[in-house]
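Trainee: Quick one, fold the following:
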Amino acid sequence: MSELNKIALKIISNGKGILAADESNGTMTKRLEAVNVKSTPENRLSFREILFSSDGMKDCIGGVILYDETINQISSTGKSIPDLISSSGAVPGIKVDTGAKDLANSPKEKITEGLDGLRDRLKKYYDLGARFTKWRGVYSIGEKYPSELAISSNAHALARYSALAQESGMVPIVEPEVLMDGTHSAEICLSKTSEVIKKCFEELIIHKVDLSGIILKPNMILAGSESKDKISCEEVSDKTIECLKKSVPSEVPGIAFLSGGQTELEATENLNLINKKNNTKFIMTYSYGRALQQSALKHWSKNIQDIKGTQEIFNHRAKMCTLAARAEWSKELEKKS
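Mentor: Numbers count the residues shown, from 1 in each chain. Presented below is the predicted three-dimensional model:
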C-alpha cells in the first residue's frame with residue numbers, strides 16, 4: 001500500500017466523508033450576505049472554526065478541503081487551521097485551482113485554470129500541513145455540450161494537476177462536475193457523465209497518475225434542475241452505480257460525491273441508497289459543502305455567539321451523512337436526533 005493510498009483511505013474509510021469548506025471569498029460572501037452576516041475574514045473564520053472544532057468532525061469527517069485564505073489563518077486557540085483539523089483526526093486539504101474561465105473557441109463552456117506556478121504552490125501548501133488537494137472541472141449539458149473540446153481540455157488539466165499533486169506527496173481529488181442546470185433527462189446526464197469520467201481516466205493514465213492514490217469526486221446521475229422528467233431515488237442510485245461501474249478503473253479506492261444542487265435531505269437519501277446497492281469494490285461517501293453546512297449557517301446567522309447550537313446542527317447533519325455512507329440512514333433517524 002502506497003503512502004498516497006493510505007492517506008486516501010484515511011479520508012474516506014468507515015463512513016467518514018469530506019467537508020468541502022473551500023468556498024472562495026466571493027462565494028462565501030454570497031452565502032453570508034444571504035443570511036445577513038457581513039463577510040469579513042474574521043466572520044468567515046469564526047463560522048468555519050465552529051465546524052472544525054465540533055464533535056461531528058471527530059466522529060464523521062475524514063478530510064476538510066480549505067481555501068487559500070483559511071489554510072493560512074490561526075484559530076482562536078492559537079492553533080493553525082490545519083493543526084486544528086488534524087487534532088480532530090481529519091486530514092487537511094486545499095483547493096488549488098483558480099476557477100473556471102471561458103473556454104477559447106467555445107465561450108459558453110468553461111476551462112479550469114491554475115496550472116501556472118502550481119508546483120511551487122503545492123510545496124507551500126504541503127509545508128502548511130495539507131495532505132490532499134482538489135481541482136474542479138465543470139461541464140454544462142446542452143444541445144451541443146459538453147463538446148469534445150471541453151471534455152478533452154478539462155480532462156488534460158485534471159490529469160496534469162493530479163500528477164503534480166502526487167509528486168508533492170498529496171492525494172488529488174479529481175472533480176469532474178457535470179452541472180445539474182438545464183432541462184436534460186437523467187439518461188443524458190448518465191451518457192455525458194460517463195463520457196467525461198472515461199476521458200479523465202484516459203488522461204490520468206497517460207500522465208502516469210497512481211490511481212490508487214486519488215479520490216474521484218463526481219456528480220450523482222440526476223435529471224436537469226428544469227427537467228420535467230425527474231427520477232426517483234431508486235433510479236438515481238441505479239444510474240449512478242451503472243455510470244461508475246463502466247467508467248472508473250478498479251484501482252481507484254473511493255468515490256466522494258458532490259451534492260451539486262441537491263437539498264441536504266436529497267443528498268443524504270441518495271447517498272444512502274447508492275450504498276445499499278453498492279456492488280462494487282469502491283468506497284462511496286460524501287464530499288459536501290452546502291449539504292453539510294447550510295442549516296448550521298442559517299442557525300449561526302441568527303446569533304453568531306451560539307457556538308453550541310450551531311455545532312449541534314452540524315453534528316446532526318454530519319452524522320446523517322456518515323450513516324448514509326454506511327447504508328444505515330433512514331428518515332426516522334432524521335427526526336430522532
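
Trainee: Please enumerate the strands of this structure.
Mentor: Along the chain, counting by DSSP state E, strands occupy 17-20, 61-66, 91-95, 100-103, 106-112, 132-139, 171-178, 215-216, 254-257, 283-288.

Trainee: In TSV: the ones you listed, plus mean pLDDT and mean neighbour count.
Mentor: Heads up, the C-betas are built off the backbone N, CA and C, glycines and all. What follows is the strands of the chain, written out as TSV (pLDDT from 0 to 100; neighbours: other CB atoms under 10 Å):
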stretch	mean pLDDT	mean neighbour count
strand 17-20	98	28
strand 61-66	98	28
strand 91-95	98	27
strand 100-103	97	15
strand 106-112	95	18
strand 132-139	98	24
strand 171-178	98	27
strand 215-216	98	26
strand 254-257	98	23
strand 283-288	98	26
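
Trainee: hang on, isn't residue 209 packed against residue 160?
Mentor: No: when contacts are counted by CB atoms under 8 Å, residue 209 is not listed as touching residue 160 (9.6 Å).

Trainee: neighbour-wise, which of these two wins?
Mentor: Neighbour comparison, residue 209 and residue 160: the larger count goes to residue 209, with 25 against 17 (by other CB atoms under 10 Å).

Trainee: Report the separation between the closest residue to residue 259 other than its chain neighbours and residue 78.
Mentor: Using CB to CB, 6 or more residues apart in numbering and skipping the chain neighbours, the partner closest in space to residue 259 is residue 291 (3.7 Å). Residue 291 is 31 Å from residue 78, where distance means CB to CB, to the nearest Å.

Trainee: Who has more neighbours out of those two?
Mentor: residue 291 (26 against 8).

Trainee: Does that one touch residue 267 like I think?
Mentor: Yes: the criterion here is CB under 8 Å, and residue 291 meets it with residue 267 at 4.0 Å.

Trainee: if I look at these two, which residues touch both of them?
Mentor: Shared contacts of residue 291 and residue 267, defined by CB atoms under 8 Å, 6 or more residues apart in numbering, comprise 259, 321.

Trainee: out of the strands of the chain, nearest to residue 232?
Mentor: Smallest distance to residue 232 across the strands of the chain (CB to CB): 17.4 Å, for strand 254-257.

Trainee: how far does that closest one sit from the chain's center?
Mentor: Averaging C-alpha positions (CA atoms, centre = their mean, to the nearest Å) puts strand 254-257 8 Å from its chain's average.

Trainee: mind saving the C-alpha coords of it as PDB?
Mentor: These are the backbone C-alpha positions of strand 254-257, laid out as PDB (Å, rounded to 0.1, in the frame of the first residue of the first chain):
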ATOM      1  CA  GLY A 254     -13.100   5.500  -3.400                       C
ATOM      2  CA  ILE A 255     -15.700   8.000  -4.700                       C
ATOM      3  CA  ALA A 256     -16.800  11.000  -2.700                       C
ATOM      4  CA  PHE A 257     -19.900  12.500  -4.300                       C
END
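
Trainee: Please report the distance of residue 212 from residue 170.
Mentor: Distance of residue 212 to residue 170, computed by CB to CB: 14 Å.

Trainee: go on, residue 120?
Mentor: Relative to residue 170, residue 120 is positioned 14 Å away (CB to CB).
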